[in-house]
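Enquirer: okay, predicted coordinates and the sequence, questions at the end:
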Amino acid sequence: TEEQKEEEKEEKEEEEKKQEEEEEEQKEEEQEQEEEQKKEEEEEEEQKEEQEEVEEETEM
């Protein structure tokens, strides 16, 4: 029947919407993880530089 078709269509749209939202969430999470990683790498770099400075100072 027509009604059934309408319902199926709506259900399908709901499903697609849900999927899109989940994909969006995943993207955001990945971005956050990347930013976290970048931050950690930068901190490691800074620590390295500080370590080198300290070594240079002790050599003098």
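Expert: Now that the structure is in, tell me what you want to look at.
Enquirer: so what's the residue count around residue 51?
Expert: 10 (other CB atoms under 10 Å). C-betas here are computed from N, CA, C, even on glycine.
Enquirer: now name the helix or strand holding it.
Expert: helix 2-59 (DSSP states H and E).
Enquirer: now that helix: how far from the chain's centre is it?
Expert: With CA atoms, centre = their mean, to the nearest Å as the basis, helix 2-59 stands 0 Å off its chain's centre.
Enquirer: low pLDDT regions in the protein?
Expert: Along the chain, no part satisfies pLDDT under 70.
Enquirer: mind doing that once more with 80?
Expert: 60 (pLDDT under 80).
Enquirer: got the contact list for residue 32?
Expert: If you count contacts by CB atoms under 8 Å, 6 or more residues apart in numbering, residue 32 has none.
Enquirer: got it, and residue 23?
Expert: Residue 23 makes no contacts at all, as judged by CB under 8 Å, 6+ apart.
Enquirer: mind checking how far it is from residue 29?
Expert: 11 Å (CB to CB, to the nearest Å).
Enquirer: residue 41 now?
Expert: 19 Å.
Enquirer: same check, this time on residue 9
Expert: From residue 9 to residue 29 the distance is 31 Å (CB to CB).
Enquirer: cool, and residue 53?
Expert: Counting by CB to CB - residue 53 and residue 29 are separated by 37 Å.
Enquirer: number of nearby residues for residue 58?
Expert: A count of nearby residues for residue 58, using other CB under 10 Å, gives 7.
Enquirer: next, count neighbours for residue 33.
Expert: The number of residues packed near residue 33 is 10, by other CB under 10 Å.
Enquirer: and what of residue 42?
Expert: 10.
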